[in-house]
Each structure stands twice: as structure tokens, then as C-alpha cells.
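A.B. asks: whatever this is, show me its structure:
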Amino acid sequence: MTPAVAVAGGALTLVIALVPGVGFAFHSPRLQSAIETASALVSVLAAYLLVGRFELGRRLSDLGLLMAATILALANLAFSTVPAIVGHPDSAFAVWSTLWGRALGAGALAAAALVPDLRLGRPRRAATRALLGTGVAVAVVAALAAGLAGTLPVGFGPSPTSSDAPNVAAPAGFLAVQAATLALFAVAAIGFCRRAARTHDELVGWFGVAAALGTVSLLDALLFPTVAAGWVQVADLIRLAFYLAILAGALREIRAYQRQAAVAAVLDERRRLARDLHDGLAQELTFISMQSRRLREPGEAAVLQEAAERALDESRAAISALSRRADEPLATAVAQVAETLTARTGARLRLDLDRSVDLQGEGRESLLRIVREAVSNGVRHGGATEVCIVLRYEKGLRVTISDNGSGFEPARPGGRVDSFGLVSMHERAQALGGRIEVRSQPERGTEVEVVLP
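C.D. replies: Model prediction:
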């Protein structure tokens, strides 16, 4: 959006400057006061939001944004809003302090766009010093404007009703500060645009759009540097769009925080259920498995023990699924499932997992259950001492689980392929539109390959 905004704003400025009869200002004291008030409120909201963002991320770039938003908030309140409310928007103090305050804010924005994205070791102390420095800088601007108010010119610039050609009839110092502010906004727009493209940070992108609007606003104000009470220039409307872009970014950031809070609430509930399963059902199943070994009839004990161990595996799988983060990479989830199972028997685990491969939703849980069943069969029934898992994307998602266990004859009636676990694996893969191939021979291990579209 940033280049498009800059081009559209530049085209609008050319139309105003070159087309006869198109005015660059209109008389509306109430709208002027409303613009200044809205600008102040938005900058205060942005500063407040950035305080929380900095507390969470502790990044230097966020501290720079916080300083810039604070300067804009203080400058708008002290230099524009209050004079407009009390009826002195065209006084020397209001005109020149606003000019210098905006230049200070543009400089802070440019610095925020260019500073490295580093995490600070002592964020609270850094924030305190930065905000104190910000307050001092704004106070210095106010003191200079108040002290020089008697010597600074006011009421200059072209007539608000004339727009046939640019007219820079203003003090050289005024024009120089405006030109410098324009350059700083342009630097900020470029810096924020590049950072947003690199980090995919939406708020930074909106600040880039805002900085582009600020550049266009200063260009228009530089071509028509009018200071007249009650007159709203096109530059003022573009400046209002600058703050509306920041507001849009702030609202999007708040919405993102709400989504994160919702996900965190769901995750907390899942963890609570996982703790309940671990402390209740899993403990009871462990006790049943241990006690079944004491039964007198070996056959009955083996059947009962196997059922208890399978139920225990299911409870552990549920605990793991409930405890897992929603944004956890698939490779990490596969590794955790396999490590949990092989650690119980001391089997060696070799992993070759492509971290760029991902799968979301119910498909992920089904795939993890297939991996769990394949690894469990290898180490528990096949006595494998080594398990290898490969995750790739080759004409579809492929997971291969191989072991060096005792193996079996897949085609033999009554073999392991007819067991409930392998049947369940096939059904899960088919439900996802995929397939499973089981390759095994007695005493030569087993290989299970899962292919999903």
C-alpha cells in the first residue's frame, strides 16, 4: 500500500497545484479543531498500545515507535489541540511549536524505522530513559517557541482562495523545517516498508503507509505554506489520513492480541484437561498394568496387560495432543511423539525431518497417531533397537517409519497387518485421502510409509 499511497497523494498534490479553480483550502473552524483533536487522540492511543507491545517484545524498534508516538501525542496536545480549543490556533507559539514538534516526531519515526530489531536487556530502564528524553525534547520545543514568540512571524503564505500555482511566500526557516520534515517522513516510509516486507509485521506496515501520507501532506504544505486561522488545507486532510492509518494499524494490532488471548485460553483449558488425564486416568492405567503381571494365569495376564498398556498409550497420546501448541511445527510434533515411545525401551532414534513441511487440523493429529502406532509396534512388538523416521514433501507429504525389529509377514493371515492397530492406521490414512504401505519380512525389520496428498 505504501507506494500506491505515495503515488496517489503526489497526483492529488499536482492536481491542486496545476489545475485552475481547484482550491487547496476551505474555511471551517470546527473541522480544523476536530482534525487536531482526532490527531491527538489517535496518537495517544497509539502510544498506549505501543507501551504494551514493547513490554511484550522488548525490542529496540518498538521502543523507537513508542518514542515517536509519544512525541506526536504530546506535540498534538500541547501545540495544536489546546491552542485550537482556547481560540489561538494562529499564534506564533502555536504555529512554530507545531512545526518543530512535527519535525521532531518525523525524526523519531525515521529513527524507529532504521534502528536494528534488537531485544533489550533492561527494557524498563531503557523505556524510562527514552520517555523522559521524549518529554524533555517536547518541553525544549515549547520553551523555544514561547521564548521566541515575540520575534517569530505569523500570518504568512498565499491566500487560501488561490491555487493556480504553488506559492512559497513564507520565511526561509519555516520552509527549511518543512522540507526537512518531508525528507524524514520519506525516510520513515521507506524504512517501515522494507521492515514490514522482511518481518511481515502488519503494524509496521501501517506505519509505513502513515509515513507516506505524512510525506505527501508535507509536500502539499510546502507548496502552499499558508497559516490562516479557521482554514482547512488539503494538507490537513492528508495529515488526518496519516493518523487514521495509524489508527487502522492499532485496531488490527488489538484484534491480533484478542485472537492470541483466545488461543491462549483454549490452550490453558487443554493443559488443564491434560493434567487431569495424567493425574487420574493415566495413573490408574499404570496401576492396572503393574498389577496384571501378578495374575496366576500367564495368558490372561498378557491379554490384560496389553489392553492396559494400549489404553495407557491412548491416554498419553491425548495428554500430548492437549498439551501441544497450535502453532508447533509438524517436525517438532513428530519428533516428540517418537522420542517419548523410544525412550521407554532405550531404542535409538534417527530423525530426518523437513521443518518446512506442515499439516494442520485433524489431519495433523491423525498423522501423529499413525506415527505413534508404527513406532509403538516396532519397539514393543518387534523389539526394535533402532527406529528411523523421514519426513519429506515429494509429490505429497511422505512419512517413512522404519525399524530393525523382528519384522513379520504382512500377507500372512492372522499376521500383524490384521491387528487393530494396523487397520486403524490404514483407516486414518484413507480418511485423509492418502495411503499406507507396510513392507516387512521376518527378522528383517519393518517399514511403514504414509503418503498424503
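
A.B. asks: thinking residue 368 is in contact with residue 334, fair?
C.D. replies: Yes: applying CB atoms under 8 Å, one finds residue 368 in contact with residue 334, separated by 6.8 Å. For every residue, glycine as well, the C-beta is placed using N, CA and C.

A.B. asks: hey, where'd the strands end up in the chain?
C.D. replies: Assigned by DSSP state E, the strands in the chain fall at 25-27, 231-233, 348-353, 386-393, 397-403, 435-440, 446-452.

A.B. asks: where does this protein dip in pLDDT?
C.D. replies: Low-confidence segments of the chain (pLDDT under 70): 1-3, 5-27, 84-90, 156-168, 226, 228-230, 271-327, 411-420.

A.B. asks: 50 instead, please
C.D. replies: By pLDDT under 50, the low-scoring segments of the chain are 413-418.

A.B. asks: ok, the residue most central in space within it - contacts?
C.D. replies: The C-alpha lying nearest the average C-alpha coordinate of the chain belongs to residue 201 (CA atoms, centre = their mean; 5.5 Å). Counting by CB atoms under 8 Å, 6 or more residues apart in numbering, residue 201 makes contact with residue 195.

A.B. asks: now with 10 Å?
C.D. replies: By CB atoms under 10 Å, 6 or more residues apart in numbering, the contact set of residue 201 is 61-62, 117, 192, 195, 207, 249, 253.

A.B. asks: what do you get for residue 252?
C.D. replies: Going by CB under 10 Å, 6+ apart, residue 252 touches 202-203, 205-206.

A.B. asks: quick revisit: any chance of the strands of the chain in TSV with mean neighbour count as columns?
C.D. replies: Output for the strands of the chain, formatted as TSV (neighbours: other CB atoms under 10 Å):
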stretch	mean neighbour count
strand 25-27	17
strand 231-233	22
strand 348-353	14
strand 386-393	19
strand 397-403	22
strand 435-440	17
strand 446-452	21
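
A.B. asks: of all those, which lies closest to residue 80?
C.D. replies: Among the strands of the chain, the nearest to residue 80 by CB to CB is strand 231-233 (13.0 Å).

A.B. asks: quick one, helices of this structure?
C.D. replies: Assigned by DSSP state H, the chain shows helices spanning 2-18, 29-57, 60-75, 82-86, 92-114, 123-148, 172-199, 202-223, 234-279, 281-292, 298-323, 330-345, 362-376, 420-431.

A.B. asks: dump those helices into CSV; add distance to residue 353 as well.
C.D. replies: Output for those, formatted as CSV (distance: least, CB to CB, whole Å):
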stretch, distance to residue 353
helix 2-18, 38
helix 29-57, 29
helix 60-75, 33
helix 82-86, 61
helix 92-114, 38
helix 123-148, 35
helix 172-199, 26
helix 202-223, 30
helix 234-279, 24
helix 281-292, 27
helix 298-323, 17
helix 330-345, 4
helix 362-376, 11
helix 420-431, 19
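
A.B. asks: do I have it right that residue 431 meets residue 362?
C.D. replies: Yes: Residue 431 lies in contact with residue 362 (CB atoms under 10 Å); the separation is 8.7 Å.

A.B. asks: what comes up buried for stretch 133-148?
C.D. replies: For stretch 133-148, burial by neighbour count (16 or more other CB atoms under 10 Å) applies to 134, 137-138, 141-142, 145.

A.B. asks: domain ranges for the chain?
C.D. replies: According to automatic domain parsing, the chain comprises the domains 2-262, 280-323, 325-453.

A.B. asks: filter the contacts of residue 201 to the buried ones?
C.D. replies: The neighbour count (16+ other CB under 10 Å) marks 61-62, 192, 195, 207, 249, 253 as buried among the contacts of residue 201.

A.B. asks: ok, which pair from those residues is furthest apart?
C.D. replies: Using CB to CB, the pair of these lying farthest apart is 195 and 253, separated by 15.2 Å.

A.B. asks: closest one to residue 439 out of the contacts of residue 252, please.
C.D. replies: Nearest to residue 439 among these is residue 202, at 47.7 Å by CB to CB.

A.B. asks: residue contacts, that closest one?
C.D. replies: 196, 248-249, 252-253, 255-256.

A.B. asks: out of those residues, which is nearest to residue 55?
C.D. replies: Residue 55 lies nearest to residue 253 out of these, by CB to CB, at 13.6 Å.

A.B. asks: quick one: contacts for the nearest residue to that closest one once chain neighbours are set aside?
C.D. replies: Of all residues not flanking residue 253 in the chain, residue 203 sits nearest, at 4.9 Å (CB to CB, 6 or more residues apart in numbering). With contacts defined as CB under 10 Å, 6+ apart, residue 203 is in contact with 46, 49-50, 53, 62, 65, 192, 196, 246, 248-250, 252-253, 256.

A.B. asks: now swap in residue 374 and tell me
C.D. replies: Residue 374 makes contacts with 338, 341, 387, 389, 399-403, 421-422, 425, 436, 438, 446-450, as judged by CB under 10 Å, 6+ apart.

A.B. asks: ok, residue 242 touching residue 39?
C.D. replies: Yes: judged on CB under 10 Å, residue 242 makes contact with residue 39 at a distance of 8.1 Å.

A.B. asks: residue 423: neighbour count?
C.D. replies: Neighbourhood size, residue 423 [other CB atoms under 10 Å]: 11.

A.B. asks: picking up where we left off before, how about the buried residues of stretch 133-148 in a markdown table, adding distance to residue 32?
C.D. replies: Output for those, formatted as a markdown table (distance: CB to CB, whole Å):
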| residue | distance to residue 32 |
| --- | --- |
| 134 | 26 |
| 137 | 26 |
| 138 | 22 |
| 141 | 21 |
| 142 | 21 |
| 145 | 19 |
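
A.B. asks: between the contacts of residue 203, which is closest to residue 236?
C.D. replies: Of all the contacts of residue 203, residue 246 has the smallest distance to residue 236: 16.0 Å, by CB to CB.

A.B. asks: pretty sure the closest one contacts residue 205?
C.D. replies: No: using CB under 10 Å, residue 246 is not in contact with residue 205, being 11.5 Å away.

A.B. asks: who's more crowded, the two?
C.D. replies: With neighbours defined as other CB under 10 Å, residue 246 and residue 205 compare such that residue 246 has more, 27 against 21.

A.B. asks: residue 232 touches residue 238, doesn't it?
C.D. replies: No: between residue 232 and residue 238 there is no contact under CB under 10 Å: 11.1 Å.

A.B. asks: phi, psi of residue 355?
C.D. replies: Phi and psi for residue 355, reported as degrees, to the nearest 10, are phi -70, psi -10.

A.B. asks: residues near it, how many?
C.D. replies: With neighbours defined by other CB under 10 Å, the count for residue 355 comes to 10.

A.B. asks: now it: closest residue in space, sequence neighbours ignored.
C.D. replies: Nearest residue to residue 355 in three dimensions, chain neighbours excluded: residue 331, at 4.5 Å (CB to CB, 6+ apart).

A.B. asks: that neighbour: how many residues sit nearby?
C.D. replies: Neighbourhood size, residue 331 [other CB under 10 Å]: 18.

A.B. asks: what residues does it make contact with?
C.D. replies: By CB under 10 Å, 6+ apart, the contact list for residue 331 reads 351-358, 389, 391.
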